[in-house]
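Q: Generate coordinates for the sequence data below:
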Amino acid sequence: MSDKKEPIVALEVAEAEFDRFAEMMDLDVDTSVMNEEDVSGFEKQKRRILRALQAGSLVINDNGEAVYCPQHSRSKHKDAITFHEYSGASGMATDGKKKNQNVAATYAMMGDMCKVHPNIFASLVGPDIKICMALFLLLMD
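A: Numbers count the residues shown, from 1 in each chain. Sure, this is the predicted structure:
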């Protein structure tokens, strides 16, 4: 893959941006009310998001939406992807999927939330899809 680069955004700034994202998207990030498994999963996703914020590949726009620019050389999609709030329409995007098409249903919801074709997510590799999934999981909770 690629060499680790020095962060271009300080951790304190990245944490403040994460908190702003959580506030504006009405995310429940209170770990004191989570069980051990939920805390572990939340912290894992938060670390991924903080690293992307520090790297500058992820920013939080004025509306509190996460905007991610894929970085991996093998990812086919390179344009910014904006993660809007989850809506009822996002949930309905899975209606046409069969019972065993879990990934397709997830990408359909992500595509609706981001206003992109679901295949965009199938074209992402490594950390790019992991960061997109981390954002999705937080927005879905």
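Q: Identify each buried residue in stretch 58-70, please.
A: Across stretch 58-70, burial judged by 16 or more other CB atoms under 10 Å covers Leu58, Val59, Ile60, Gly64, Glu65, Ala66, Val67, Tyr68, Cys69, Pro70. The C-beta positions use only the backbone N, C-alpha and C, and glycine is treated the same way.
Q: Among the residues you listed, which pair sits farthest apart?
A: Farthest pair in the buried residues of stretch 58-70 (CB to CB) is Gly64 and Pro70. Separation: 21.0 Å.
Q: and after the longest helix out of those in the chain, which helix or strand comes next?
A: When the chain is scanned for its longest helix (criterion: DSSP state H), the result is helix 36-55. Sequence-wise, the next helix or strand downstream of helix 36-55 (DSSP states H and E) is strand 58-60.
Q: Tell me the helices and strands packed up against that next one.
A: Using 3 or more CB pairs under 8 Å, 6 or more residues apart in numbering; DSSP states H and E as the contact criterion, the elements in contact with strand 58-60 are helix 11-24, helix 36-55, strand 66-68.
Q: what comes into contact with that strand?
A: The contact list for strand 58-60, computed with CB atoms under 8 Å, 6 or more residues apart in numbering, reads 17-18, 20-21, 24, 49, 52-53, 66-69, 131.
Q: Direction included, what does that strand pair up with?
A: Within its sheet, strand 58-60 is paired with strand 66-68 (antiparallel), according to DSSP bridges.
Q: Need the contact partners of the partner strand.
A: 21, 49, 52, 57-61, 80-83, 128, 131-132, 135.
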